[in-house]
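> For reference, the sequence and a predicted model appear below.
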Protein chains: 2
Amino acid sequence: MMSSTFFTTREKIIETAANLLLESNGKGVRMADIARASGVSRQAVYLHFPSRGELMIAAVRHLDDVYGLAEEVKRFREAQTGIEVLETFIEFWGNYIPKVYGVAKALMAVRETDEAAAIAWRDRMESVRSGCRRTIETIEHECLLSPDWTVDEAVDLMWTTLSIENWERLTNDCRWTQQEYISRMKTTLGKLLLKR
Amino acid sequence: MMSSTFFTTREKIIETAANLLLESNGKGVRMADIARASGVSRQAVYLHFPSRGELMIAAVRHLDDVYGLAEEVKRFREAQTGIEVLETFIEFWGNYIPKVYGVAKALMAVRETDEAAAIAWRDRMESVRSGCRRTIETIEHECLLSPDWTVDEAVDLMWTTLSIENWERLTNDCRWTQQEYISRMKTTLGKLLLKR
DNA sequence: TCCTTTGCTTTACATCGTGTCAAGTTGACA
DNA sequence: TGTCAACTTGACACGATGTAAAGCAAAGGA
């Protein structure tokens, strides 16, 4: 494939970092490991990325490209009815999480100490949140929103329910399969958010 | 008060550590800080606790004592009907989280690298899980469990919904008050788990 | 062809936090 | 008086991030 033939060093590092993080679920991957696996010196990495945080950010953005985040979002926007929107969103996001989990986890970890990473993380979470908001507003517009919640409360609830941490807990600790996660999340959010 | 008058050095360190962690939400508290605030040398801390992880574990257990975890659990066991059990559990746990949040967060962080801490954490989470299981079984016994879930699925769902991470997100990011958290969790879990 | 720039390498070092080690101090108790 | 336990002091190892400086090698323009 063309796309894997021509690489700048920078791209090579990003791709390698993403792969290592994915393989190891984001734990125990050092800058030196990434450098070695990329076939460059550790310092070369710092020539391209001022800090670990910046590299994590680049890796996560790279995966957005690879997995066609933009495409997926378009598909989601084409959904019509509230329930369609809800289900499409759960499917899209639920399938997206495992693809980026390792890198996301590393970004989560580094955000404790790295302000830039914290901002990048918040930014990503906001975009998920706006997907939730769009969904809830569609439902509300069709008068299908449960009277137990205001729009804001429903958004908070949906956003929290679909958090990566919850996915992690349900698939790892509770051993739900990916299929089960998605179908049970549909049931959960349906019961929680929809009228009746 | 007697209880604050007589301290072994060990107790002093644990108490100081818990306070510091609580104040700072578990972030940026070093062993040296704990030592200084306890009025002992950094090495004295290592005389009592072989590692940071062990100290975190001691701190969390200490808070269990202070806040009378055993008492609370007893109250919860006295609840009768399924709905009572559910609501009592949400109230108990929902009020407990903020009291231990800082220390719990520190324990969560250290568990990534410290096996003993990881075990202690898993142990605590298992005890919450068994509270959830008891609740669900009571509900099931009264035939009030939603037909959408098996007992196991309902336990997973309840346990995940009540996670500290979710509490953190809802109270910090979504700015729910403690009151709101508890009452909305009752609504959420009621809708999710109960029949009809 | 020479020269410059660009991108990388190598080596060394600073920093920060955890955890270890060894020798010294102090006070209680026997 | 002597001994033991608890604590102090100061030094150090380690692992990871990040910085600094000097050198090298190839591409590209004059």
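Arrived safely, thanks for sending. Numbers count the residues shown, from 1 in each chain, chains lettered A, B, ... in the order given.
> Residues of chain A that sit close to DNA strand D?
Neighbours of DNA strand D within chain A, by C-beta under 7 Å from any atom of the strand: A:28, A:30-32, A:42-43, A:46, A:50-53, A:114. (Glycine included, C-beta is placed from N, CA and C.)
> ok, now with 6 Å
Listed as neighbours of DNA strand D in chain A under the rule C-beta under 6 Å from any atom of the strand: A:30-32, A:43, A:46, A:50-52.
> Dump these to a markdown table, plus secondary structure, pLDDT and neighbour count.
Supplementary listing: these in a markdown table, determined by DSSP: H, G, I helix; E, B strand; the rest coil; pLDDT from 0 to 100; neighbours: other C-beta atoms under 10 Å in any protein chain shown:
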| residue | secondary structure | pLDDT | neighbour count |
| --- | --- | --- | --- |
| A:Arg30 | coil | 97 | 11 |
| A:Met31 | helix | 97 | 16 |
| A:Ala32 | helix | 97 | 11 |
| A:Gln43 | helix | 97 | 9 |
| A:Tyr46 | helix | 98 | 15 |
| A:Pro50 | coil | 95 | 10 |
| A:Ser51 | coil | 95 | 16 |
| A:Arg52 | helix | 95 | 22 |
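> Out of the residues you listed, which is nearest to A:Arg169?
Ranked by distance to A:Arg169 (C-beta to C-beta), the residues of chain A next to DNA strand D are led by A:Arg52 at 25.9 Å.
> Distance check, that closest one against chain B.
In this structure, A:Arg52 and chain B are 15 Å apart, going by C-beta to the nearest C-beta, to the nearest Å.
> How about A:Ile34?
When C-beta to the nearest C-beta is applied, the distance between A:Ile34 and chain B equals 19 Å.
> Same check on A:Gly94?
Separation of A:Gly94 from chain B (C-beta to the nearest C-beta) stands at 14 Å.
> Burial check on that residue, number of neighbours?
20 (other C-beta atoms under 10 Å in any protein chain shown).
> mind listing what it touches?
A:162, A:167, A:178, A:181-182, A:185 (C-beta atoms under 8 Å, 6 or more residues apart in numbering or on different chains).
> and it, what helix or strand is that in?
Using DSSP states H and E, the element containing A:Gly94 is helix A:82-110.
> May I see the buried residues of that helix?
A:82-83, A:85-94, A:96-97, A:100-110 (16 or more other C-beta atoms under 10 Å in any protein chain shown).
> Stretch A:100-118 close to DNA strand C?
No: applying C-beta under 6 Å from any atom of the strand, one finds stretch A:100-118 separated from DNA strand C by no less than 9.5 Å.
> what about that stretch, how long is it end to end?
This stretch, stretch A:100-118, spans 17 Å end to end (C-alpha to C-alpha, to the nearest Å).
> what is the mean pLDDT for the helix or strand where A:Lys186 lies?
Using DSSP H and E, A:Lys186 sits within helix A:178-193. Confidence for helix A:178-193, expressed as mean pLDDT, is 98.
> any idea how far the residue lying closest to A:Ala118 once chain neighbours are set aside lies from A:Ile164?
Leaving out its chain neighbours, the residue that sits closest to A:Ala118 by C-beta to C-beta, 6 or more residues apart in numbering or on different chains is A:Arg111, at 4.2 Å. In this structure, A:Arg111 and A:Ile164 are separated by 13 Å, where distance is defined by C-beta to C-beta, to the nearest Å.
> Ok, A:Ala70 next?
With the distance defined as C-beta to C-beta, A:Ala70 ends up 20 Å from A:Ile164.
> higher neighbour count, the two?
Shown here are A:Ala70 and A:Ile164; by other C-beta under 10 Å, A:Ile164 has more neighbours (20 against 9).
> pretty sure the more buried one contacts A:Pro98?
No: using C-beta atoms under 8 Å, A:Ile164 is not in contact with A:Pro98; the gap is 10.0 Å.
> which is the next helix or strand following the lowest-mean-pLDDT helix or strand in chain A?
Least confident helix or strand, chain A: helix A:2-5 with a mean of 43, by mean pLDDT, DSSP states H and E. Following the chain from helix A:2-5 toward its C-terminal end, the next helix or strand by DSSP H and E is helix A:9-23.
> does any part of that following helix sit near DNA strand C?
Yes: Helix A:9-23 comes into contact with DNA strand C (C-beta under 6 Å from any atom of the strand), by way of A:Thr9.
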